[in-house]
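Asker: All I have is the shape, not the residue letters:
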């Protein structure tokens, strides 16, 4: 049950982050990215996610924020 709580909390946080990205709110997404990182690291610590999966996801979410922050040509 504890693992399920961590997994659910991670999914909810990721949804908040992706919603902020979809609405193009970079300033709102920056602190959420730190929270997403924290939740992913906690999931790895509890063996809910594998380390490589966590690294890949962190990279993906970071790229989402960087792409949003880049000025369009």
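Answerer: Received, thanks. All values reported here derive from a predicted model rather than from experimental measurement. Numbers count the residues shown, from 1 in each chain.
Asker: Residue 16 versus residue 22, what's the distance?
Answerer: If you measure residue 22 against residue 16 using C-beta to C-beta, to the nearest Å, the figure is 11 Å. (C-beta placed from N, C-alpha, C; glycine too.)
Asker: So for these two, which sits in the more crowded spot?
Answerer: Taking other C-beta atoms under 10 Å, residue 22 and residue 16 do not tie; residue 16 has more neighbours (15 against 11).
Asker: Identify the residue nearest that one in space, chain neighbours excluded?
Answerer: Of all residues not flanking residue 16 in the chain, residue 32 sits nearest, at 5.8 Å (C-beta to C-beta, 6 or more residues apart in numbering).
Asker: list the contacts for that neighbour?
Answerer: For residue 32, the contacting residues are 13, 16-17, 20, taking C-beta atoms under 8 Å, 6 or more residues apart in numbering as the criterion.
Asker: ok, so of those residues, who is nearest residue 41?
Answerer: For residue 41, the closest of those turns out to be residue 13, at 12.2 Å, with distances computed as C-beta to C-beta.
Asker: Quick check: helices, which of the contacts of residue 32 are part of them?
Answerer: Assignment to helices by DSSP state H places the following of the contacts of residue 32 there: 13, 16-17, 20.
Asker: out of those, who's nearest residue 49?
Answerer: Within these, distances to residue 49 taken as C-beta to C-beta reach their minimum at residue 13, with 13.5 Å.
Asker: burial of that closest one, as a residue count?
Answerer: The number of residues packed around residue 13, counting by other C-beta under 10 Å, is 18.
Asker: Looking at it now. What's its pLDDT?
Answerer: According to the predicted model, the pLDDT of residue 13 comes to 96.
Asker: what's the spacing between it and residue 45?
Answerer: Going from residue 13 to residue 45 by C-beta to C-beta gives 16 Å.
Asker: again with residue 28
Answerer: 27 Å.
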